[in-house]
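[1] Got a sequence here, can you model it:
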Amino acid sequence: MISFLIRRLLWVIPVLFTVAIVTFFLMHRAPGGPWDREKPIARQTQAQLNARFGLNKPLWFNPDAAEAAAARGENIFQQGRAFLDSQFFNYIIGAAQGNLGPSYRQVGREVEEIIMEKFPASAKLGLVAVIFSVVVGIPLGILGALKQNTVFDYLSLFVATIGVSIPSFVIAILAILFMSRMFGVPPIRRPNEWEGLGTAYILPGIVLGLGTMAFITRLTRASMLEVKRQDYIRTAQAKGLSTRAVIMRHMLRNSLIPVVTILGPAVAALVTGSFIIESIFGVPGVGEEFVISITRRDYSMIMGTTLFYALLVALGNLTVDLSYGFLDPRIRTRH
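    Reported below is the predicted structural model:
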């Protein structure tokens, strides 16, 4: 188990490196730059800003710096560091050291400082969404499978279809209009209402978790239908076990393996928050900060939030792999 865990953790490194390459390429291919304004900034000022944040260096490699290091008589290791003295590898080296760099637009603030400040709100929103998805989705799927082709089955399929087919931002807008008109809930929350785990997170959390809940419902129903036709289920029933015991000990435990498989990345996605949902409801989380950083071309913030999200997804998948052995004793990690 320890060797398996170490191998999977080491695999996170090339995954994050690949994500960093794709993110860096896309954000530099997008038109515009971090200093674009309605009123153009003087070229001298732009040059000073580029020098301050390292944007005057080459994007990928710096052969001129390596040649200068060689001319100074520095060793191969120092020449290699000079060759990698570029925008991309400075991001990578800084991220490996836990330093994601300064934000270009929020003067005097580091990216990791902003993420740690904004992440609690996204985590609370994601926690509500995860609880809603699991608590509602799994029972609906079980009910649909046990009452196949009845009104309960059709109800679960109807709810799942609505959750999958309607975009979350449409449901968010409709939910805001409905709650504000019918119950007088203010569509815009005050900043202090997002402190703690208050009621302000309930509505956006439900809207955020609706799509995941629908997917869990369909997957649980399909898995339960497949499992309940297996020979060992008929054997357990023939032995005289109660219906509750058969469902809880045999059917549900084995049918949850596909559900747990998608829960890892789903939980990571919900915890980091939906960019659109956070923007619509005004949640002061990482998603809102990511959207703002894209519009402002805040390169270090874009890279930092993307790597943070990718790390959570990778750790979520690792947690899923480790949980297989607890759900099904037949599954064992091979060393």
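[2] going forward, measure contacts between C-alpha atoms and count neighbours the same way
    Will do.
[3] Identify, by residue count, the longest helix of the protein.
    If you go by DSSP state H, the chain has its longest helix at helix 111-146.
[4] Mind giving me the packing neighbours of that one?
    Here helix 111-146 touches helix 151-165, helix 202-227, helix 252-272, helix 286-296, helix 299-327, going by 3 or more C-alpha pairs under 8 Å, 6 or more residues apart in numbering; DSSP states H and E.
[5] Of those helices, flag the one that's most buried.
    Using mean count of other C-alpha atoms under 10 Å, the stretch among the helices and strands packed on helix 111-146 with the largest mean neighbour count is helix 202-227, at a mean of 24.
[6] quick one: the helix or strand where Ala51 lies to helix 299-327, angle?
    Assigned by DSSP states H and E, Ala51 falls within helix 43-53. Interaxial angle of helix 43-53 relative to helix 299-327 (axes from the mean of the first three to the mean of the last three C-alpha atoms, to 10 degrees): 30 degrees.
[7] what's the average pLDDT for helix 43-53?
    Averaging pLDDT along helix 43-53 yields 74.
[8] what does stretch 172-183 give?
    The model assigns stretch 172-183 a mean pLDDT of 78.
[9] surely Ile294 meets Gly304?
    No. Ile294 lies out of contact with Gly304 (C-alpha atoms under 8 Å); the separation is 11.9 Å.
[10] hmm, back to that, show me how far the longest helix of the chain is from its chain's centre.
    Mean-position distance between helix 111-146 and its chain equals 11 Å (C-alpha atoms, centre = their mean, to the nearest Å).
[11] quick one: low-confidence parts of the stretch 51-200 of the chain?
    Across the stretch 51-200 of the chain, the ranges flagged by pLDDT under 70 are 184-198.
[12] From the chain's centre, how far out is stretch 59-71? Work that out for me.
    With C-alpha atoms, centre = their mean as the basis, stretch 59-71 stands 37 Å off its chain's centre.
[13] For that stretch, which residues meet the burial criterion?
    Going by neighbour count (16 or more other C-alpha atoms under 10 Å), the buried part of stretch 59-71 is Leu59, Trp60, Phe61, Asn62, Pro63, Ala65, Ala66, Ala69, Ala70.
[14] The first one contacts Asp85, doesn't it?
    So the one you mean is Leu59. No. Using C-alpha under 8 Å, Leu59 makes no contact with Asp85, being 9.3 Å away.
[15] Look up phi and psi at Pro33.
    Actually, residue 33 is Gly rather than Pro. When read as degrees, to the nearest 10, the backbone of Gly33 gives phi -150, psi 170.
[16] per-domain residue ranges of the protein.
    48-103, 115-327 (automatic domain parsing).
[17] Which one, of those domains, ends up nearest to Leu16?
    For those, the distance to Leu16 is smallest for domain 115-327, at 6.6 Å, taking C-alpha to C-alpha.
[18] quick one, what contacts the nearest residue to Pro34 once chain neighbours are set aside?
    Closest residue to Pro34 apart from its sequence neighbours, by C-alpha to C-alpha, 6 or more residues apart in numbering: Arg297 at 4.6 Å. By C-alpha atoms under 8 Å, 6 or more residues apart in numbering, the contact list for Arg297 reads Met27, Gly32, Gly33, Pro34.
[19] what residues are up against the last one?
    The one in question is Pro34. Applying C-alpha under 8 Å, 6+ apart, the residues contacting Pro34 are Tyr104, Arg105, Arg296, Arg297, Asp298, Tyr299.
[20] Am I right that it sits in a helix?
    No. Under DSSP: H, G, I helix; E, B strand; the rest coil, Pro34 sits outside any helix and is assigned coil.
[21] what about it, distance to Asp85?
    In this view, Pro34 and Asp85 are 21 Å apart by C-alpha to C-alpha, to the nearest Å.
[22] can you check Leu263 too?
    Taking C-alpha to C-alpha, one finds Leu263 at 40 Å from Asp85.
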